[in-house]
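[1] Fold the following and give me the result.
(3 chains)
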Amino acid sequence: MTLRAGWGQAAGKVGQSLLTLASVIVLVFLLVRLIPGDPVTTILGSETSAEAEAALRTALHLDVPPVQQFFDYIAGLLHGDLGQSAVQRGDSVSGIIAGALPTTLSIVAVGMLLSTIAGISLGLAAALSPYKAIDLTVRTIVMLLYATPTFLIGLLLTLVFSIQLGWLPAGGWAGSYPDNFPFLVLPGIALSGHLGPIIARTVRQAAIESSQQLYMEAALSRGLSKSALNFRHILPNSVLPIITLLGISFGSLLTGAIIVEAVFGLPGIGSEMTKAVARRDYPVIQGIALMSACAVIVGNLLAELIYPLVDPRARSAS
Amino acid sequence: MTTATLPRPFLAQGWLRALVGTHVSRLVGIVMFGTIVAMCVLVPILSPYSPNDFVNMPFMAPSWAHPFGTDSVGRDIFVRTFAGGSVDLIAAAFTTGFAVIVGTTLGTLAGATKHRWADTILMRIVDAVIAFPLIILLLALVVAVGSDKPWGFAPAGLPAALIALMCVQWAVYARLARGQALALRNADFVVASRVAGLNPFSIVMRHITPGVSRITLAYAIGDVVLVVVILASLPFLGAGVQPPAPEWGSIMYEGRGFLRNAWWITVMPGAVLALTGLSLSFIADSLLDNRR
Amino acid sequence: MSTSDNLVEVRNLGVLLAGRQVIRDVSFDIPRGGALALVGESGSGKTVTARVLTGLLSRIGGKVNSGTATFDSQDLVNANSREWRKLRGRMVALVPQASLSSLDPVMRIGGQLAETISELDPGADIRLRSLELLDQVRLPRPAALLENYPHELSGGMRQRLMIALALAGRPELIVADEPTTALDVTVQKDVLKLLGDLRKETGMSLLMIAHDLAVVGMVSESVAVMRGGELVEKGATDKVLGDPDHSYTKALLAARPELAPVGTPLAVLDRETGQLHRPELPVLLRPRQPEPIIRAEGVGMTYHNAKAPAVHPLDIDISAGAAIGIVGESGSGKSTLGRILVGAQLPTDGTVLVKGKSWQDVRANDPLRGAVQMIFQDPYGALTPWRTPRQIVAEVIARWQGLHGRATLEAAGDLLDDVGLPLQAMDRRPGGLSGGQCQRVGIARALACQPQVLVADEPTSSLDISAQAQILNLLMRLRAERNLALVIVSHDLAVIRHMTDEALVMQHGQIVERGPSSRIFSSPDNDYTRQLVSSTPTLRRTA
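    Take a look at the predicted model:
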């Protein structure tokens, strides 16, 4: 019975995500159409020929009525077709994204891993002696880190570890594993400079809250040792919120990855986005926006689906 | 009386407790932030040269004459940093203020209304806006708005970023306020007000909105930090404030190529930015901590 | 071994907490195998005293600043954390009050038992010992229970589990801190009986902390009464409850509704004089009106996705001056019914008519909206935290009595004064008031609508006994003065019997018995009512 309820819950969450996805698609479609001004002139600039304009209009599929544009757009999406680049004729948007995505995902994965490890350790270190010197130090460092832009962290890392010490490459990409790994270290650390502090704060808060819970007092009154309690009760209870946090942070990780790519010159989604922004390449921008929103929705959904598996309370709540 | 006698477990005693105590960290934050704001106002006024003057040799290291050094064309970075600070801080305060007002109003109404369909539609839009990674939606909108010309006081590149931020930022506040309003809607004191026949508008204004505002305020202060960081990141992605106007991000972006020989071009404005963020985080944290 | 017969000796104990002397000169003994109940209202220091004996005082930042406390001649005041680890669980074990938050929500029952057993009883076979402990506290199907998480158990089962965990180290003393406060009366009776039986089986001693004098008689032969950090009276339970010496103990007993004649004001201790006094009630005028103010026809409530209705369709009429009680345990649907009668919630079946008009058609600006008002269980939750009593009441007065500006604030002050709120409390935020004061504000807000019916949902269950007496007196006075109809929703039979003429007993959303209150509680027809009546701990009238 609980299993059936669990499936029902999961189905509800998937449905919710699909609705959000639908809204996102509508928003992406409207992005170009609702903005004042003609996208074609925006892309080509003012000094251009009528033929070039007409050709681009056809290529962008802007020469048919809006309603038909919308249904054609949806039909294209259903076939995995995100359109063609407006600048580099012949390049499909999905092809561009597929080529760049693995790099970005590797950075995100490394950043997520480092953030989680550093965040949990710092958060717990602070929480175990709350309002004391360690806590004060950790909190200040964490806030400072959070307030430092990702690109600045990246630049400083380059300054120290590449320029001064020469330990790691300041940028570039080997293109294949395992040769890529050295190129991932500094970008990964830079990326975790944003999420790591958020995780550390969450863990600290949760750990302090759980250490104040009555079950800690009750366990203490049964003669259990503090260290055993920290390990068996505080740790699991304070790590739980990270699952939700990682899910909702997927968007900010992508944001960070894009900046990190620009700093370290990595050939990922961020570089494609920067290129597209510079060239006013609408279809690519739209495609990347849609793809990244999908990634965020999937990330959220995964977190929501996983959470009940680790927290028994979420399983029976309807 | 009851709150005063409630024991506060796990608070260390003594001077450290006093130092880290919520009010002191708030005070530190306010003093730091106040100093930075004062510098942003005073430095451009009192300084003998303007941010775009070529005042000395390029690449001079920090000294008494030029506390933050000079950049690749010999402009004073100290003056440029604090002149640029006004751009970032005013822009962040403006868009966040707009987002707080619009988002909180819409969210509170959505949470408090009896018309669930209105709530559903609004929340679908909010979900969709929040689903986009902030910077991607920003870049897409910046391109779409496409204004490269300065508007009044706003230097070139900024108006597009401001419009984009205003389109995006409100959604978080709408979600936040709606959640709070929904929780408060069924609180006993709101039920009591309804049962006492008070008019629904005054229930929202007097019994729901104040409960929403404190968390929102803390969140908004945190958001100002985020917006400053995002604005400063835009130049790295080919958007944002265009040179030669001083802005933290654009100054740092210009300096990135000279990191090996002239680190101060990038690091000095960066440090001021980070300290601004730190001071605001202190304030926001103390607001949240005080609620418990 | 010690030469003393006493397991615990506390002498002239003083405790400082947050700069205040919260315990002053407290002395008592607990004999080996004996029991002591420490009774008092909130702020009496009973729980802080228990913390001294369980070594948990420093967790809330408290400090013993005078006197001694020993366990088996071992000094507890100066024991360090290593010594405490040897004492806790093995010698002294705690049964805490709130059983849900006292268990780790993400660990199975089996895991929590296992970690306790492996710490306190290292040689034991963990599974066998777990089952034995669960069996000892009479939990059914212990093997299956090990796989459950705390939130999957009922409150009574969880409290038994807390007792099992306390027994794991075979302690000599169990400190039970309000172990039955959150439980329904029928469950409370079983848990108290279990504690008594375990004492007989194991020969352990018991320190019971309680706010309710009536539960004490079931588990302890001696009792100590605390007030404001001092121990005012101690002695054999029969003596203290039957013939108390101290005026405070007398006041505690006199405040109990079951010891006073039905419908009479309850005695209240005057804080200044230390004397008991009984307020006078105006003569009750009860002009019977044929036409009821509220007529509920076939009213029922089924929540979305719920298997069974929370309230099965039922009929109730409420006329002016009536006093109706709705009794039941948690989950009986009594609170839902109360909210439906007020119109705070619309029923899924039937209609509630207020003077002939359905709540569904009564808008916020309808004069009928003020006719039925509500008093809430949580006195703090019922008041907007950032508004003062005067603002809260003035706002409603402005709505109903056509006053403006200063006049509303003055009228609010008069009304708050009438319900007995001290002047200096009128402009403080609710967080700075006592529970009883908040409840008075809630009543004043209701009166500001000039209602004809007052529905009170557990109006006194989160209050101390003396505050309860004052609120009940106030409700009785208002009823007489204003010919208000009262609907009191409560789990407390004594309150219902004292306050109402007619009672409905609810179980699983259905009315199982209804009739005159005096008859229902003296000779109930229904089995469930009978069980409720027999489970309710009461004190016999002696004087």
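[2] residue boundaries of the strands in the stretch 51-200 of chain C?
    Per DSSP state E, counting those that start in this stretch, the stretch 51-200 of chain C carries strands over the ranges C:62-71, C:74-75, C:92-95, C:173-177.
[3] looking at the ones you listed, which is closest to C:S466?
    strand C:173-177 (21.1 Å; Cβ to Cβ). (Glycine included, C-beta is placed from N, CA and C.)
[4] Kindly calculate the angle that the closest one makes with strand C:62-71.
    Angle of strand C:173-177 versus strand C:62-71, following axes from the mean of the first three to the mean of the last three Cα atoms, to 10 degrees, is 140 degrees.
[5] Ok, which of the strands of the stretch 51-200 of chain C comes nearest B:D127?
    Comparing the strands of the stretch 51-200 of chain C by their distance to B:D127 (Cβ to Cβ), the top pick is strand C:173-177, with 45.8 Å.
[6] Run the contact check for the closest one versus chain B.
    No. Counting by Cβ under 8 Å from any Cβ of the partner chain, chain B is not contacted by strand C:173-177; separation bottoms out at 14.9 Å.
[7] what number of residues lie near the residue in the stretch 301-450 of chain C positioned nearest to chain A?
    Of all residues in the stretch 301-450 of chain C, C:N305 sits closest to chain A, at 6.5 Å by Cβ to the nearest Cβ. Other residues lying near C:N305 total 6 when counted by other Cβ atoms under 10 Å in any protein chain shown.
[8] same deal with B:P48?
    8.
[9] For it, which three-state class applies?
    Per DSSP: H, G, I helix; E, B strand; the rest coil, the secondary structure class of B:P48 is coil.
[10] what does B:R260 give?
    For B:R260, the assignment made with three-state DSSP gives coil.
[11] Nearest spatial neighbour of it, chain-adjacent residues omitted?
    Spatial nearest neighbour of B:R260, excluding adjacent residues (Cβ to Cβ, 6 or more residues apart in numbering or on different chains): A:I163 at 5.0 Å.
[12] Phi first, then psi, for that neighbour.
    Dihedral angles of A:I163 (phi, psi; degrees, to the nearest 10) stand at phi -80, psi -50.
[13] ok, A:V93 touching A:V284?
    Yes. A:V93 is within contact range of A:V284, at 5.5 Å (criterion: Cβ atoms under 8 Å).
[14] what residues does the stretch 251-400 of chain C put near chain B?
    C:339, C:342-344, C:364-366, C:369-370, C:372-374, C:376, C:378, C:381-387, C:395-396, C:399-400.
[15] Would you mind checking those residues for buried ones?
    Buried residues within those, counting neighbours by 16 or more other Cβ atoms under 10 Å in any protein chain shown: C:339, C:342-344, C:364, C:369-370, C:372-374, C:376, C:378, C:381-384, C:387, C:395-396, C:399-400.
[16] Restricted to strands, list these.
    Among these, DSSP state E puts C:V372, C:Q373, C:M374 in strands.
[17] still on that earlier bit, just so I know, which of the strands of the stretch 51-200 of chain C lies nearest C:G321?
    Across the strands of the stretch 51-200 of chain C, closest to C:G321 is strand C:173-177 (Cβ to Cβ), at 42.8 Å.
[18] how distant is the closest one from the center of its chain?
    Remark: strand C:173-177 is offset 20 Å from the chain centroid, using Cα atoms, centre = their mean, to the nearest Å.
[19] Can you name the residues in contact with that strand?
    Residues outside strand C:173-177 that contact it (Cβ atoms under 8 Å, 6 or more residues apart in numbering or on different chains) are C:7-8, C:30, C:47, C:50, C:53-54, C:71, C:91-97, C:163, C:166-167, C:195, C:198, C:204-209.
[20] I'd like to know which of these are part of helices.
    Among these, the residues falling in helices (DSSP state H) are C:T47, C:A50, C:L53, C:T54, C:I163, C:A166, C:L167, C:L195, C:L198.
[21] Tell me what the closest residue to the third one other than its chain neighbours is bridged to.
    Using Cβ to Cβ, 6+ apart and skipping residues adjacent in sequence, the residue nearest C:L53 is C:V175, 5.8 Å away. Beta-bridge pairing of C:V175 under DSSP bridges involves C:L94, C:L207.
[22] ok, now C:F71?
    Per DSSP bridges, residues listed as beta-bridge partners of C:F71: C:V8, C:Q74.
[23] In chain A, where's the longest helix?
    Looking across chain A with DSSP H, the single longest helix is helix A:93-128.
[24] Quick check, central residue of chain B?
    Nearest residue to the geometric centre of chain B (Cα atoms, centre = their mean): B:V224, 0.4 Å.
[25] Output the ones in strands among the buried ones among the residues of the stretch 251-400 of chain C next to chain B as CSV; include the columns distance to chain A and pLDDT.
    Below are these laid out as CSV (distance: Cβ to the nearest Cβ, whole Å; pLDDT from 0 to 100):
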residue, distance to chain A, pLDDT
C:V372, 32, 95
C:Q373, 33, 96
C:M374, 28, 95
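[26] Let's see the helix or strand harbouring C:F28 as PDB, backbone CA atoms only.
    Assessed by DSSP states H and E, C:F28 sits inside strand C:20-31. Extracted C-alpha coordinates of strand C:20-31, given in PDB (Å, rounded to 0.1, in the frame of the first residue of the first chain):
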ATOM      1  CA  ARG C  20      17.600  34.100  37.700                       C
ATOM      2  CA  GLN C  21      17.400  31.900  40.800                       C
ATOM      3  CA  VAL C  22      14.900  29.400  39.400                       C
ATOM      4  CA  ILE C  23      15.300  26.900  42.200                       C
ATOM      5  CA  ARG C  24      15.600  27.900  45.800                       C
ATOM      6  CA  ASP C  25      16.300  25.800  48.900                       C
ATOM      7  CA  VAL C  26      14.700  22.600  47.600                       C
ATOM      8  CA  SER C  27      15.100  19.400  49.700                       C
ATOM      9  CA  PHE C  28      13.600  16.000  49.200                       C
ATOM     10  CA  ASP C  29      14.500  12.300  49.400                       C
ATOM     11  CA  ILE C  30      13.600   9.300  47.200                       C
ATOM     12  CA  PRO C  31      13.800   6.100  49.200                       C
END
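[27] circling back: show me the residues of the stretch 251-400 of chain C next to chain B that map onto helices.
    Counted as lying in helices by DSSP H, out of these, are C:R339, C:V342, C:E395, C:V396, C:R399, C:W400.
[28] Do I have it right that the fifth one meets B:L198?
    Yes. C:R399 is in contact with B:L198 according to Cβ under 8 Å; the separation is 5.8 Å.
[29] Grab the nearest non-local neighbour of the residue in chain A that chain B sits nearest to.
    With Cβ to the nearest Cβ, the shortest gap between chain A and chain B falls at A:A147, namely 2.2 Å. Of all residues not flanking A:A147 in the chain, B:G277 sits nearest, at 2.2 Å (Cβ to Cβ, 6+ apart).
[30] The one you found and A:T255, how far apart?
    Plainly put, B:G277 is 16 Å away from A:T255 if you go by Cβ to Cβ, to the nearest Å.
[31] thinking again about what came up before, so the residue nearest to the centre of chain B is in which element?
    helix B:209-233.
[32] tell me the angle whichever helix or strand comes after that helix makes with helix B:209-233.
    The C-terminal neighbour of helix B:209-233 among helices and strands, as given by DSSP H and E, is helix B:248-255. Interaxial angle, helix B:248-255 versus helix B:209-233 (the same axes, to 10 degrees): 20 degrees.
[33] which bits of the stretch 51-200 of chain A sit near chain B?
    Taking Cβ under 8 Å from any Cβ as the contact definition, the stretch 51-200 of chain A meets chain B at A:129-133, A:135-136, A:139-140, A:143-144, A:146-152, A:155-156, A:158-159, A:163.
[34] looking at this, A:L136 is in a helix?
    Yes. Counting by three-state DSSP, A:L136 falls inside a helix.
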